[in-house]
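1. fold the following for me, if possible:
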Amino acid sequence: LHKERSHHARALKLLGDVTAAASPADPAVAEDSYRQALALADELALRPLTAQTLLGLGRLYQQTGRRTEAADRLADALLLLHDMGMRPWLSSTADALQALSQLFIVARSKRALYDDLQRELGGRPVTIILDRREGERRRRTQSEAPERRAGDRRRQATIDAAVRTRGFAIVVETERAASA
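-> Numbering: from 1, shown residues only. Predicted coordinates:
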């Protein structure tokens with residue numbers, strides 16, 4: 001029964017791939033197939049399939065202009081692939097991520113990931129930095145002083161959270177910055 005369910009999960013992932021690549025593409029059907037495959041792969045602890053499905057879902061989001069969601073799914077895939085040592089898939093995931101961002105921030109504790117990203121993305125127009133901070137960021141002490149970067153704070157909090165929880169963050173170019 002487990003083997004049949006794993007075949008079912010793989011078939012759902014392939015259905016997502018085919019539907020996303022069809023002409024015309026049907027993103028809603030592809031997303032649904034990927035989500036079902038992801039749920040089943042997670043349940044059965046099929047980590048390589050989970051990573052490949054996250055890669056497919058991230059590419060779908062990328063095609064449909066959902067850049068932040070694409071970066072999140074691709075980052076999850078990259079981390080899984082890195083942890084499993086799946087270098088060929090790691091390379092294609094890094095390619096997809098590079099199309100979304102030119103800045104990667106990696107936690108100090110993930111030095112091997114930093115080295116792999118340097119190797120995979122070396123020579124491309126991206127910046128990969130090793131986060132130098134330890135612990136929490138400093139908090140403001142003077143509430144009287146006006147906040148100069150209020151718009152960046154929300155985005156920075158998201159990036160800090162990703163570095164803490166995932167071990168790295170991808171700073172996605174906003175649609176406004178990408179079109180400029």
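
2. I figured residue 102 hits residue 129, correct?
-> No: because the distance of 11.4 Å does not satisfy Cβ atoms under 8 Å, residue 102 is recorded as not touching residue 129. Where you see a C-beta, it was placed from the backbone N, CA and C, and this is true even at glycine.

3. more neighbours: these two, which one.
-> The residue with more neighbours, out of residue 102 and residue 129 and counting by other Cβ atoms under 10 Å, is residue 102; that gives 16 against 12.

4. residues touching that one, list them.
-> Contact criterion Cβ atoms under 8 Å, 6 or more residues apart in numbering gives 125-127, 171, 173 as the residues in contact with residue 102.

5. who wins for most neighbours among those residues?
-> Neighbour count (other Cβ under 10 Å) singles out residue 171 as the most crowded of the contacts of residue 102, with 19 neighbours.

6. bridging residues for that residue?
-> When bridges are assigned using DSSP bridges, the partners listed for residue 171 are residue 103.

7. show the pLDDT at it.
-> Residue 171 is assigned a pLDDT of 87 by the prediction.

8. give the contact list for it.
-> 101-105, 159.

9. where along the protein do the strands fall?
-> In the chain, the strands defined using DSSP state E lie at 101-106, 127-130, 168-172.
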